[in-house]
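**Q** Quick one, what's the 3D model for this:
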Amino acid sequence: MKYIIGILIAVMLFSCSGRQSEKTESISEINNEWITYNDTTDAGFILTFRYPNNLALADVIDNCRCVGQKIKNKDTNQGTDSTNNRQWCICMQDIADYPVNSLISSWKTLYKGQVTENRDTITIDNLKALQVTFKSNIPETSYRKLIYLKKRSTLFEIMNVSEATNKDFETFYKSLTIKNYSKARK
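**A** Next comes the predicted model:
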């Protein structure tokens, strides 16, 4: 109990401080089933989301935060690419560099044969987002859900590559919060 109270106090102090100039990350266990992840990003956001405790959080790769089943990368010559299967990811890019329709088209090239694409609008953290779902008749690439939302000049791309986890994925992306913070001036 003291541990949880200590973490809550530290999080409150951290979030009240407007003078955070370096990247900080913290992971705190909220309950026995889901873990809350907080990351103060270089892009000026405090990114928070929850994920099941049976999934592993990977190191930041290509400005993405990914969770999935833990794996061992056997390619020791190239270094570790990922520590999990990247089941769900939240990636951040500059809006000007990555137009949404170009990203959607590039994902669509993964599919062979017939693919259906469904688009709809959802709300995440009081922001309108575009949700795109691909389904194919080929088992290796049968499903992918992509969600795109914009905040300031950043495009957030949220991905799910497994239809089997769709219900938990909804809990994952609905837990996402993106708060601005001011970097301290030097």
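**Q** now the helices: where do they sit in the chain?
**A** Applying DSSP state H to the chain gives helices spanning 2-16, 100-108, 166-174.
**Q** In terms of mean pLDDT, which of those helices ranks lowest?
**A** Here the lowest mean pLDDT among those goes to helix 2-16, at a mean of 36.
**Q** and Cys64, how far is that from Trp88?
**A** Here the criterion is CB to CB, to the nearest Å. By it, Cys64 lies 10 Å from Trp88. Backbone N, C-alpha and C define where each C-beta goes, glycine included.
**Q** Ok, Asp120 next?
**A** With CB to CB as the criterion, Asp120 and Trp88 are 19 Å apart.
**Q** More neighbours: those two, which one.
**A** Trp88 (25 against 9; other CB atoms under 10 Å).
**Q** Please verify my assumption that the more buried one contacts Phe172.
**A** Yes. Trp88 lies in contact with Phe172 (CB atoms under 8 Å); the separation is 5.5 Å.
**Q** Give me the common contacts of these two.
**A** The contact sets of Trp88 and Phe172 overlap at Tyr51, Val67 (CB atoms under 8 Å, 6 or more residues apart in numbering).
**Q** Could you give the bridge partners of Thr40?
**A** Ile46 (DSSP bridges).
**Q** so where's this structure uncertain?
**A** For the chain, applying pLDDT under 70 flags the ranges 1-32, 73-82, 139-141, 183-186.
**Q** Would you map the strands across it?
**A** 25-29, 34-40, 45-52, 56-57, 64-68, 88-94, 115-124, 127-136, 143-151, 154-160, 177-180 (DSSP state E).
**Q** and of those strands, who's closest to Ile104?
**A** Minimum separation from Ile104 across these (CB to CB) falls at strand 127-136, 5.7 Å.
**Q** Quick one: residues in contact with the closest one.
**A** For strand 127-136, contacts defined as CB under 8 Å, 6+ apart pick out 100, 104, 107-108, 111-123, 142-151, 158, 178.
**Q** Next, the angle from it to strand 115-124.
**A** 160 degrees (axes from the mean of the first three to the mean of the last three CA atoms, to 10 degrees).
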